[in-house]
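Colleague: Below is the sequence, then the predicted model.
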Amino acid sequence: MYRTTTCGALRSNNIGSVVTLSGWVQKIRDKGFMIWIDLRDRYGITQLIFDEDRTPKEIMESAKNLGREYVIQVTGKVIERASKNPAIPTGDIEILVTELIVLNHAKTPPFTIENETDGGEDLRMKYRYLDIRRNPVKENLIFRHRVTLEVRKYLSNEGFIEVETPYLIKSTPEGARDFVVPSRMNAGQFYALPQSPQTFKQLLMVGGMDKYFQIVKCFRDEDLRADRQPEFTQIDCEMAFVEQEDVLNTFEGLTKHLLKEIKGVTVEKFPRMTYDEAMQRYGNDKPDIRFGMEFGELNDVAQHKNFNVFNSAELVVGIAVPGGNKYSRKEIDKLIDWVKRPQVGALGMVYVRCNEDGSYKSSVDKFYDQDDLTKWAEKTGANAGDLICVLSGEKDTVRAQLSALRMELAERLGLRNPNVFAPLWVVDFPLLEWDEETQRYHAMHHPFTSPKPEQIPLLKTNPGAVKANAYDLVLNGNEIGGGSIRIHNKQTQAMMFDYLGFTPEEAKEQFGFLMNAFEYGAPPHGGIAFGLDRLVAILGGQETIRDFIAFPKNNSGRDVMIDAPAKIDQEQLKELHLKIEN
Ligand code: ASP
């Protein structure tokens, strides 16, 4: 038997008993006549003591030869510690070792296995198995387990069935590129890895499964932005015989359950906001509503005053930065530089200082008097002591820029408190999105999303204005879930494909299976998918999803530990009917 208990279990009421423990050598303090070792396993740390007077000589000797991260098994008596350590749960006791077995040697690890390690990101990823021994990483993985367990519990209780769908499928257009897998048995043909199980979950509804979920890997071959993974996990869900309201209520229930069980936070009914309203008030379809700084549109009060920059702009819009009047000229210049960075792309920024005495001082005093600026303050909700930041330009662009500034300032002002949770639903997304590059409309969510039935006629005259029964669940400025009510009849689906530029042949070739299924009694249905990695990171109060994935890929999509992707040999290529041009 390797162990009778773990390194996290022993307390003072165990004093006197003889125990066997196995684990890793965390730390050695060798005083010659006495040696202390911190023994570590997943459950904690227990101090071992080897003492010239009480420990057999050969054991004393072999203890002296141990190194960091050796795997050992020890037997000994639990005794009271002379100097107790209140910082750890086992701090009252230690083990007076009488038997020691070295189970395995270890090379000196390339970084310290401590909460604060000296290892950089690359090194930690290369030796991820060592990184996982560190508390913060280990705790994150356990935390993730707790979240997924609660998801499964909640949805099972609500009558959902977890069904697995295949990984080797045909492309589904969700907007990203597919990862493809060549078929050995079907020369020249390829599977695609699912970007999501979208069509399968819809077919499960046709199959009468009614309430489905799956915690499932999805694959998207996108250019990796910071903190995206080419393979990621979704909580994928679908329900039949539901309207949007049913879906929102069900998954609001799930989210509340997670917040309560995992964070001990009770949230009342989630606010709802239309997409249009979110864009207008926050310039963003995933607004962080933990703080104000809402947009004030200033066209009415800022145009037609000889300031050409504003006169020629589609939108003039500002935010009030609480307490911002204390910024020095230099600090404001830095802020202006910040909005001019290529990542944000503003051409400049107009600002108004709201003085404590109620007067205003702006960077455009030549064009605007105190009465004008008073109106700006009203529209942006600025108080004395604030700074109003104003951007102008093409509507969508300027909203995105001001939203970036709002988030940056909130971060700097400490308004993005990770212990505050402010979920909301954003609803009524546009059905279609104009793509400049291809000069045509794309489905904003995916091609299976139902337009609002009463707006279908509008598709002919003003497709961009048609709203969908599509919704996102937003938490603290992150989209954590998104879904829609689906099309469930063949004609509407065929019409949708037509709008999206598919020929009837292309639609049939790619989605014939779904359209056929719709002819055999497809129930009305809808669903949602949550991004599990991000959800776990936010609940864990952290930013990077990598920290909650056991074996993540780096920013170039590489697994640096196993060194993938990698070349394959000629033989394998031949079998797969592939030729690589050199
Ligand atoms: N398949 C969608 C996605 O992955 C989610 C959904 O519509 O349920 O974003």
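Modeller: Here it is on my side, so go on.

Colleague: Secondary structure class of the residue in the stretch 151-300 of the chain that the ligand sits nearest to, three-state.
Modeller: Of all residues in the stretch 151-300 of the chain, the one sitting closest to the ligand is residue 196 (3.4 Å; CB to the nearest ligand atom). (Each C-beta comes from the backbone N, C-alpha and C, glycine too.) Recorded secondary structure, residue 196: coil (DSSP: H, G, I helix; E, B strand; the rest coil).

Colleague: Show me which positions of stretch 426-445 end up buried.
Modeller: 426-432, 441-445 (16 or more other CB atoms under 10 Å).

Colleague: Considering these, which is situated nearest to the ligand?
Modeller: Scanning the buried residues of stretch 426-445 for proximity to the ligand, where the rule is CB to the nearest ligand atom, the winner is residue 445, at 6.2 Å.

Colleague: quick one on the thing from earlier: contacts with the ligand among the buried residues of stretch 426-445, please.
Modeller: Residues of these in contact with the ligand (CB under 6 Å from any ligand atom): none.

Colleague: hmm, back to that, once you drop chain neighbours, what's closest to the residue of the stretch 151-300 of the chain closest to the ligand?
Modeller: residue 218 (5.0 Å; CB to CB, 6 or more residues apart in numbering).

Colleague: Residue 294 now?
Modeller: That would be residue 281: by CB to CB, 6+ apart, it lies 5.0 Å from residue 294.

Colleague: Could you do residue 17 as well?
Modeller: Per CB to CB, 6+ apart, closest to residue 17 is residue 78, 5.4 Å.

Colleague: wait, is the one you found part of a strand?
Modeller: Yes: under three-state DSSP, residue 78 sits within a strand.

Colleague: So what's the residue count around it?
Modeller: 22 (other CB atoms under 10 Å).

Colleague: next one: residue 382
Modeller: What residue 382 shows, counting by other CB under 10 Å, is a neighbour count of 26.

Colleague: Now do the SS call for the residue nearest to residue 196.
Modeller: strand.

Colleague: hang on, isn't it packed against residue 230?
Modeller: No: Residue 218 is beyond contact range of residue 230, at 9.7 Å (criterion: CB atoms under 8 Å).

Colleague: the more surrounded of those two?
Modeller: residue 218 (23 against 20).

Colleague: Provide the partner residues of that one in its beta bridges.
Modeller: Residue 218 has these beta-bridge partners by DSSP bridges: residue 232.

Colleague: what residues are up against it?
Modeller: 194-197, 231-234, 236 (CB atoms under 8 Å, 6 or more residues apart in numbering).

Colleague: possible to save these as JSON lines with neighbour count?
Modeller: Formatted as JSON lines, the contacts of residue 218 follow (neighbours: other CB atoms under 10 Å):
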{"residue": "194", "neighbour count": "27"}
{"residue": "195", "neighbour count": "23"}
{"residue": "196", "neighbour count": "19"}
{"residue": "197", "neighbour count": "26"}
{"residue": "231", "neighbour count": "15"}
{"residue": "232", "neighbour count": "19"}
{"residue": "233", "neighbour count": "22"}
{"residue": "234", "neighbour count": "23"}
{"residue": "236", "neighbour count": "26"}
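
Colleague: Serialize these to JSON lines and add fields for pLDDT and distance to residue 82.
Modeller: What follows is these, written out as JSON lines (pLDDT from 0 to 100; distance: CB to CB, whole Å):
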{"residue": "194", "pLDDT": "95", "distance to residue 82": "60"}
{"residue": "195", "pLDDT": "94", "distance to residue 82": "61"}
{"residue": "196", "pLDDT": "95", "distance to residue 82": "59"}
{"residue": "197", "pLDDT": "96", "distance to residue 82": "59"}
{"residue": "231", "pLDDT": "97", "distance to residue 82": "51"}
{"residue": "232", "pLDDT": "97", "distance to residue 82": "50"}
{"residue": "233", "pLDDT": "98", "distance to residue 82": "48"}
{"residue": "234", "pLDDT": "98", "distance to residue 82": "53"}
{"residue": "236", "pLDDT": "98", "distance to residue 82": "56"}
